[in-house]
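Chemist: this one's sequence-less:
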């Protein structure tokens, strides 16, 4: 199975959003009052946005968007086949996305994950993010989340050896 990381398109992100895996749907449902696959896709196109294809089919979207000067939000969501794309996404995150966000002057990049989403919590740790705090009642129905971040000071300490699938980064025309 071939994973390829490409720049995101509205079409690909809409497809992924319409076919979300249950964990991602739950996380999005409790953060947004009203959303649709198309609205989620349009929102995701702000900033840097990428798609992970598995054998030519879009399976995961990920990226980062600036919220205000120096503060960025990282995001990712996908279909049931997203797990197979994680090594390629991880490699692209370290080799391409992180350096691009840093070059744009980011001081801090945040990510939030539903406390019940064990897979997301482990992955954020493997990406080198620091778990900062629990956010009790952050979800619209009282769900707890965790706040993770990367800061400019911490970027020098993220181990690139944790980045699997670095060959995926070579498929990005900007790299």
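Modeler: Cool, got the structure. All of these numbers come straight from a predicted model, not from anything done at the bench.

Chemist: once you drop chain neighbours, what's closest to residue 84?
Modeler: Excluding the flanking residues, the one nearest residue 84 by C-beta to C-beta, 6 or more residues apart in numbering is residue 54, at 5.6 Å. Heads up, the C-betas are built off the backbone N, CA and C, glycines and all.

Chemist: neighbours around that neighbour, how many?
Modeler: By the criterion of other C-beta atoms under 10 Å, residue 54 has 20 neighbours.

Chemist: and for residue 131?
Modeler: A count of nearby residues for residue 131, using other C-beta under 10 Å, gives 13.

Chemist: now name the helix or strand holding it.
Modeler: Assigned by DSSP states H and E, residue 131 belongs to strand 130-135.

Chemist: and for that strand, what's in contact with it?
Modeler: Identification of contacts with strand 130-135 by C-beta atoms under 8 Å, 6 or more residues apart in numbering yields 112, 115, 121, 124-125, 144-151, 154.

Chemist: please pick the buried ones from those.
Modeler: Burial by neighbour count, judged by 16 or more other C-beta atoms under 10 Å, picks out 112, 115, 121, 124, 145-150 from those.

Chemist: reformat those residues as CSV; add pLDDT and secondary structure.
Modeler: Putting these into CSV (pLDDT from 0 to 100; DSSP: H, G, I helix; E, B strand; the rest coil) gives the following:
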residue, pLDDT, secondary structure
112, 97, strand
115, 97, coil
121, 95, helix
124, 95, helix
145, 98, strand
146, 98, strand
147, 98, strand
148, 97, strand
149, 96, strand
150, 95, strand
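
Chemist: now for those: which two are most distant?
Modeler: Pairwise distances across the buried ones among the contacts of strand 130-135 peak at 19.7 Å for 115 and 150 (criterion: C-beta to C-beta).

Chemist: can you tell me what sits against the helix-or-strand element of the chain with minimal mean pLDDT?
Modeler: Across the helices and strands of the chain, mean pLDDT, DSSP states H and E gives its lowest value to helix 152-155, namely a mean of 76. If you take C-beta under 8 Å, 6+ apart as the criterion, helix 152-155 is touched by 98, 102, 106-108, 128, 130.

Chemist: out of those residues, who's the most crowded?
Modeler: Neighbour counts for the contacts of helix 152-155 (other C-beta under 10 Å) peak at residue 98, which has 22 neighbours.

Chemist: which element is that one on?
Modeler: In this structure, residue 98 is located in helix 98-103 according to DSSP H and E.

Chemist: residue 87 now?
Modeler: Remark: residue 87 resides in helix 86-92, with elements defined by DSSP H and E.

Chemist: and that helix, how far from the chain's centre?
Modeler: Between the centre of helix 86-92 and the centre of its chain there are 10 Å (C-alpha atoms, centre = their mean, to the nearest Å).
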